[in-house]
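[1] I'll drop the sequence and a predicted model, then ask my questions.
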2 protein chains.
Amino acid sequence: MKCTIITVGDEILIGQIVDTNSAWMAVELNKLGVDVIEILSISDNGDAIKEALERAFSQAELILMTGGLGPTKDDITKKSIAEYFGESMSFHEDTHRRLEAIFAKFNRTLAPAHLEQCNMPNNAIILTNDMGTAPGMLFTKEGSILVSMPGVPHEMKYIFTKHIAPLIFEKTKDSHTIFHKTIMTFGQGETFLADMINEVTEELPEGVSIAYLPSLGFVRVRVTGKGDVSVIKRVSFVAEQIAEKISQYVYGYDDEKPEECVKRLFTDRGFTLATAESCTGGLLGHRITSVPGSSYYYSGGVVSYSNDMKMKVLGVRAETLQQFGAVSSETVKEMAEGVLKLNNADVGISISGIAGPDGGTPEKPVGTIWFGLAKKNEETQTFKISATKDRLKNIEYATNIALGRLIKLIK
Amino acid sequence: MKCTIITVGDEILIGQIVDTNSAWMAVELNKLGVDVIEILSISDNGDAIKEALERAFSQAELILMTGGLGPTKDDITKKSIAEYFGESMSFHEDTHRRLEAIFAKFNRTLAPAHLEQCNMPNNAIILTNDMGTAPGMLFTKEGSILVSMPGVPHEMKYIFTKHIAPLIFEKTKDSHTIFHKTIMTFGQGETFLADMINEVTEELPEGVSIAYLPSLGFVRVRVTGKGDVSVIKRVSFVAEQIAEKISQYVYGYDDEKPEECVKRLFTDRGFTLATAESCTGGLLGHRITSVPGSSYYYSGGVVSYSNDMKMKVLGVRAETLQQFGAVSSETVKEMAEGVLKLNNADVGISISGIAGPDGGTPEKPVGTIWFGLAKKNEETQTFKISATKDRLKNIEYATNIALGRLIKLIK
């Protein structure tokens, strides 16, 4: 089954929001064996919506459309779909009752714009939305399906999961297979990884392809198979061969995030972790705690942005800061050891650097970032990177490097 | 000038990466007065690439294409463009010299795949890329321009800024204007804001339109004008009228982020800030420090994930934790006051809650999040929200609420 995703909204075309909905749907559709052939973002414009529908119906059996269903004046998706099908609209009593019930809960009454949300094209099948005011709508045309959903991510996800996924599952269960195996690596670039596994990728078996997906510090190597179910075996075989050749860089499989790997390794070993962050400002703590259950191994951290806090809470010595500066091997060593001691943890990690855009000097240019890695009963390691990106990317890169080194330390 | 953005890459269509490049380009193009009419994401497939080029050339004068220029086997954009134009390829000596120079710096030699990156379609104008190995390429066809760039964000941004923006500026400086004014609000939903400003939006002047862009806790109200330069005045007039009607919810303009507003207000007043985070795990610190210059007012924070840390570093009393629990008004009060005292700051804010998916109880379900707001010489405030989303969204929502309340406190 082929699918086109259409997102409607000027806010995407002027870059005011990033379209995360499409990636989420693509992942879910992929699991269901649906091939997303195109993602099309268009403006809140009737002609553009109708032209996009025409294009999508000509090439896909499933069209998922998000956005433009809100109660405000710029939302014209529903009207444009009705025009595309040449259908008029009627007031949908059930939707009205649902809206009244939602508003009654909060002791509020419906605004006139909400009543407008109850008008539906006559050929629409209404998909209930317990997460918001605009329901989804399903239409069929010559065997193809069009679904229109709100653009609010958790509403779209609710309608997709409740109404659409079961429908697709029913339709596609006997057809072709798409199967991925992804090898997660840290510490080496894509070109050199590609060279190391050249022998395997030169002669890939039928239906199997390979892709490299680099992100700051990490590269995902993805093996994909398309065909009948026998392709699963071939994908697994290729993935095993690859993982063997680059084993020193592999930390996990199938989109395990670095922070998930850290959690797995630390909880497996029964180790606890504490963090001391300066230039990353809390992002390392956030990444660690974004994984459910992180409280079992993560005791906490200090965002020691000021020197005062480095000294008072982490016990960094004034002389160290004075002699070597806050961005130095000596300071991150004391930070890592300080936060380990403070939390009585097994491992303490520290980061101090110059994220930019200001604060650089000739000896310590923007992007100079030091790390300290303290482990109970072992000598503390320190190391430095020279990042060359903008402030936010330098912060993200440093956080990735920290996670990668925690993985290396425990592995 | 109309623009189509084309992103090439299976990784987008299977949802493995989110397309942030398009939003960035859209913002920059918008500033230059270019209208992005469509964003099209397609797979690493020669036919799809050629068909997309055909479509784009039929509707836009500027086509920006990213992705598929890497050194690995799945990268076929360059070859497909050459086929589209019916051109062959030649070895580009200058690109080769640049690559050798980059690799010499790191004491590495070129892999065979890198040599392949030096082959260029004969009709391409090469756009140098100091951030990576693949240069950009510019093509012209019947007065329209096609630019192909790498998908790696900082490489794309470099080529766009260095080569493309000046070119567009030169071409569009005399033509039509697009002008936006965005009003940033906190604390009220879009439908009710829409009702409050209904009088203004009922009769918008010519060429002016309005859009509501909600995100967790915040709503951006965007006024857009298209036409000749006189539209700027009309947009400003409408924006002023709107801002007046909803003034109690307005915190800033033109995409000022909440964390940027917090920085502005705190540095204006000369106040310092300290944070004590539990369930948000460092995200509040990260958001605050993502703004350059935050060290002038932010002294730092504590990620007191464990009770031990709440007591040892922040001075929360054991009895408080025992009697009321970590997620309670009493605990966040002591956390906020503790971190204020620890940093001798003017304001201390604390967050403690149950982000989920586990850890909820009937009295304190998942999504229960308490906040404490301590200000020197004033009584500490505490308040609670009930979030209903998934772990990451609850963390983000809580962080937004904290930023919004810091703004309210100082305004």
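    Yep, that arrived. Residues are numbered from 1 along each chain as shown, chains lettered A, B, ... in the order given.
[2] need the helices for the stretch 51-200 of chain A, in chain order.
    A:77-85, A:93-105, A:112-116, A:153-159, A:165-172, A:190-196, A:198-202 (DSSP state H, counting those that start in this stretch).
[3] need those in TSV with mean pLDDT, can you?
    Converted to TSV, the helices of the stretch 51-200 of chain A look like this (pLDDT from 0 to 100):
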stretch	mean pLDDT
helix A:77-85	95
helix A:93-105	86
helix A:112-116	81
helix A:153-159	93
helix A:165-172	84
helix A:190-196	90
helix A:198-202	91
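[4] so which of these gets nearest chain B?
    helix A:190-196 (4.9 Å; Cβ to the nearest Cβ). For glycine as for every other residue, the C-beta is placed from the backbone atoms N, C-alpha and C.
[5] Identify each buried residue in that closest one, please.
    Of the residues in helix A:190-196, A:Glu190, A:Thr191, A:Leu193, A:Ala194, A:Met196 count as buried by neighbour count, 16 or more other Cβ atoms under 10 Å in any protein chain shown.
[6] For the first one, which residues are in contact?
    Taking Cβ atoms under 8 Å, 6 or more residues apart in numbering or on different chains, we find A:Glu190 in contact with A:Tyr212, A:Pro214, A:Val219, B:Gly70, B:Pro71, B:Thr72.
[7] how many neighbours does the third one have?
    Right, A:Val219. Using other Cβ atoms under 10 Å in any protein chain shown, A:Val219 has 22 neighbouring residues.
[8] quick one: low-confidence ranges for chain A?
    Counting by pLDDT under 70, chain A has low-confidence residues at A:173-176.
[9] mind redoing it with 80?
    A:71-74, A:102, A:105-109, A:111-113, A:171-178, A:227-229, A:255, A:388-389 (pLDDT under 80).
[10] picking up where we left off before, Serialize the contacts of A:Glu190 to JSON lines and add fields for distance to A:Asn307.
    As requested, the contacts of A:Glu190 are exported to JSON lines (distance: Cβ to Cβ, whole Å):
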{"residue": "A:Tyr212", "distance to A:Asn307": "42"}
{"residue": "A:Pro214", "distance to A:Asn307": "36"}
{"residue": "A:Val219", "distance to A:Asn307": "37"}
{"residue": "B:Gly70", "distance to A:Asn307": "43"}
{"residue": "B:Pro71", "distance to A:Asn307": "44"}
{"residue": "B:Thr72", "distance to A:Asn307": "45"}
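[11] for A:Phe371, which residues make a bridge with it?
    Applying DSSP bridges to A:Phe371 gives these bridge partners: A:Ile351, A:Phe383.
[12] Give me the neighbour count for it.
    By other Cβ under 10 Å, the residues close to A:Phe371 number 23.
[13] Report the contact partners of it.
    Counting by Cβ under 8 Å, 6+ apart, A:Phe371 touches A:Val332, A:Ile349, A:Ser350, A:Ile351, A:Thr382, A:Phe383, A:Lys384, A:Ile385, A:Ala398, A:Ile401, A:Ala402, A:Arg405.
[14] circling back: now, among the buried residues of helix A:190-196, which is nearest to A:Ile102?
    Checking the buried residues of helix A:190-196 against A:Ile102 with Cβ to Cβ, the nearest one is A:Glu190 at 48.7 Å.
[15] coming back round to it: which one of the contacts of A:Phe371 is nearest to A:Gln16?
    The nearest one, if we look at the contacts of A:Phe371 relative to A:Gln16 and count by Cβ to Cβ, is A:Ala398, at 28.2 Å.
[16] Hmm, that closest one is touching A:Cys279, no?
    Yes: A:Ala398 lies in contact with A:Cys279 (Cβ atoms under 8 Å); the separation is 6.6 Å.
[17] Quick check: neighbours shared by the two?
    When Cβ under 8 Å, 6+ apart defines a contact, the residues bordering A:Ala398 and A:Cys279 alike are A:Ile351, A:Gly353, A:Ala355, A:Ile369.
[18] Contacts only, for the first one.
    With Cβ under 8 Å, 6+ apart as the criterion, the residues that contact A:Ile351 are A:276-280, A:284, A:332, A:369-372, A:398-399, A:402.
[19] if I look at A:Asp44, how far off is chain B?
    Remark: distance between A:Asp44 and chain B (Cβ to the nearest Cβ, to the nearest Å) = 8 Å.
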